[in-house]
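1. sequence plus predicted model, see below.
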Amino acid sequence: MLACHYLGHDVSLWQGIILESLSQAMKSAGFAIPGGLGVQEGGLLLLAPLCGLPAEDALALSLLKRLREMVLGVPALIAWHPIAARAGMRSASDRETPVNTELP
């Protein structure tokens, strides 16, 4: 609702809930598409005019939602990278230790 307000369209609470729930339903329906790319955007382009939101603003709203995912996801990936690299180095060093296969 806040994003729609800043786009110049005041939507009611119910319209905001409808838009959000339908976009989440579209993303869930497009689970087979990697990242759901294009599913959320297409769904909002089709369904937003039912709530009185023009197609241009529906696309802008969808891109704002993608930006939110990027703002939260990219720092998490950056923080995860050194952790995974250390785990990979530890795993590689465990594999390099010689195993004594001689019987006593």
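-> Done, it's in. Numbering: from 1, shown residues only.
2. local confidence estimate at Ile78?
-> On pLDDT, Ile78 comes in at 92.
3. which stretch of helix or strand covers it?
-> For Ile78, the enclosing helix or strand under DSSP states H and E is helix 55-96.
4. does anything pack onto that helix? Which helices or strands?
-> helix 2-6, helix 13-29, helix 39-47 (3 or more C-beta pairs under 8 Å, 6 or more residues apart in numbering; DSSP states H and E). To be clear about C-beta, it is placed using only N, CA and C from the backbone, and glycine gets the same treatment.
5. determine the set of other helices and strands touching the first one.
-> Taking 3+ C-beta pairs under 8 Å, 6+ apart as the contact definition, the neighbouring helices and strands of helix 2-6 are helix 55-96.
6. so how far is the helix it packs on off the chain centroid?
-> 10 Å (C-alpha atoms, centre = their mean, to the nearest Å).
7. now do the same for the most centrally placed residue in the chain: its pLDDT.
-> Nearest to the mean C-alpha position of the chain, by C-alpha atoms, centre = their mean, lies Glu69 at 4.6 Å. pLDDT for Glu69: 82.
8. residues contacting it?
-> Listed by C-beta atoms under 8 Å, 6 or more residues apart in numbering, the contact set of Glu69 is empty.
9. please renumber so the chain begins at 58
-> Got it, first residue is 58 now, which makes that one Glu126.
10. to Met146, which of the helices and strands packed on helix 112-153 lies closest?
-> Smallest distance to Met146 across the helices and strands packed on helix 112-153 (C-beta to C-beta): 35.8 Å, for helix 70-86.
11. low-confidence regions, the chain specifically.
-> Scanning the chain for pLDDT under 70 picks out 148-161.
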